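Engineer: The amino acid sequence is not available; the structure is as follows:
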């Protein structure tokens, strides 16, 4: 006797968006079912992983995170090239840490010059991430958009208090924007509406719901992302059908657990601990609906790619 397996009917679909340009451009989104529910729908584009690069030398990273990049960590251009050429990065996420007004406070022109050098040195899509300071990000990201007008960058975070100028620059110079809101589905929808009203096309928007790592609020992030996917796929909410990007690396590696040495309590090898915490956090976010995950350690990335391959195997 044949058994009919009950399936969820989906009336919506995640929008497909092209990132970058040329032969190495990537397409994300396009899902017609919940994440990895291949028995109910399709997932035409596997989730992508962007390797993180900083525009200044990290001073408080755990030794395990520094190790793979020790020879290039003082040079963001060499660092980005190593990620692509040695570790096979399909995307790069350049964190403009040096522009933080509470830190080095590097000027917009100088930061944009660094971005241009990195963009010229690689042939994969480039994410450029500011410091979530509205005034500084507006100055920096608009300048970056201008200097790199032919590069099809992904610029973020773009928030409600600074979206007008940054998004206008993105429209003018043909970049994608990262719509960023603080773990709230209603705020995420509202910002998407505002961007649309400003004239940002649907194929120029990816959503950053704000995420965290295991042990630091991951379950709440998961719930918000899950609700976004439910609204977009089942409830026909077109303003919540955008691909999701998760800026995970800095969250996964800032917890106290990854900084505690081997001889602390019963937590095992510190290096393995950090790698596993990042990998487990990333996989959880993928299961919640993430389309792009920003990660740091090559071995954590390898683990996640293996799991994605298993989950999407025919």
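Structural biologist: Cool, got the structure. Since we're looking at a predicted model, the values are computed, not measured.

Engineer: Tell me where this protein has helices.
Structural biologist: Shown for the chain, the helices assigned by DSSP state H span residues 63-66, 76-85, 108-121, 134-147, 163-173, 185-198, 218-233, 249-252, 270-288, 298-311.

Engineer: Tell me which of those sits most buried.
Structural biologist: helix 249-252 (a mean of 24; mean count of other Cβ atoms under 10 Å). Every C-beta, even on glycine, is put in place using the N, C-alpha and C of the backbone.

Engineer: Return the mean pLDDT over that helix, rounded to an integer.
Structural biologist: The average of the pLDDT scores along helix 249-252 is 96.

Engineer: what's the single longest strand in this structure?
Structural biologist: Counting residues, the longest strand in the chain under DSSP state E turns out to be strand 48-54.

Engineer: Quick one: residues in contact with that strand.
Structural biologist: By Cβ atoms under 8 Å, 6 or more residues apart in numbering, the list of residues contacting strand 48-54 from outside reads 19, 26, 28, 76, 79-80, 83, 87, 89-95, 97, 118, 125, 127, 249-250, 282, 291-296, 298, 301, 304-305.

Engineer: where are the low-confidence patches of the stretch 151-300 of the chain?
Structural biologist: Residues of the stretch 151-300 of the chain meeting the criterion pLDDT under 70: 264-265.

Engineer: before we move on, back to that, the longest strand of the chain vs helix 270-288, what angle?
Structural biologist: Angle, strand 48-54 to helix 270-288, by axes from the mean of the first three to the mean of the last three Cα atoms, to 10 degrees: 130 degrees.

Engineer: between strand 48-54 and helix 76-85, how many degrees?
Structural biologist: Between the direction of strand 48-54 and that of helix 76-85, the angle (the same axes, to 10 degrees) works out to 150 degrees.

Engineer: Tell me the strands beside strand 48-54, with direction?
Structural biologist: As defined by DSSP bridges, the strand partners of strand 48-54 come to strand 91-95 (parallel), strand 292-295 (parallel).

Engineer: Which of these sits closest to residue 71?
Structural biologist: Each of the strands paired with strand 48-54 has some distance to residue 71 by Cβ to Cβ; the shortest is strand 91-95, at 17.3 Å.

Engineer: Tell me which residues of that closest one come out buried.
Structural biologist: 91, 92, 93, 94, 95 (16 or more other Cβ atoms under 10 Å).

Engineer: same check, this time on stretch 242-258
Structural biologist: So for stretch 242-258, counting by 16+ other Cβ under 10 Å, buried means 242-253, 255, 257-258.

Engineer: Same question for stretch 97-110.
Structural biologist: Within stretch 97-110, the residues that qualify as buried by neighbour count (16+ other Cβ under 10 Å) are 97, 98, 99, 100, 106, 108.

Engineer: if you skip the residues just before and after it, what's nearest to residue 149?
Structural biologist: Spatial nearest neighbour of residue 149, excluding adjacent residues (Cβ to Cβ, 6 or more residues apart in numbering): residue 173 at 3.9 Å.

Engineer: measure that neighbour to residue 146 for me?
Structural biologist: Taking Cβ to Cβ, to the nearest Å as the measure, residue 173 and residue 146 are separated by 6 Å.
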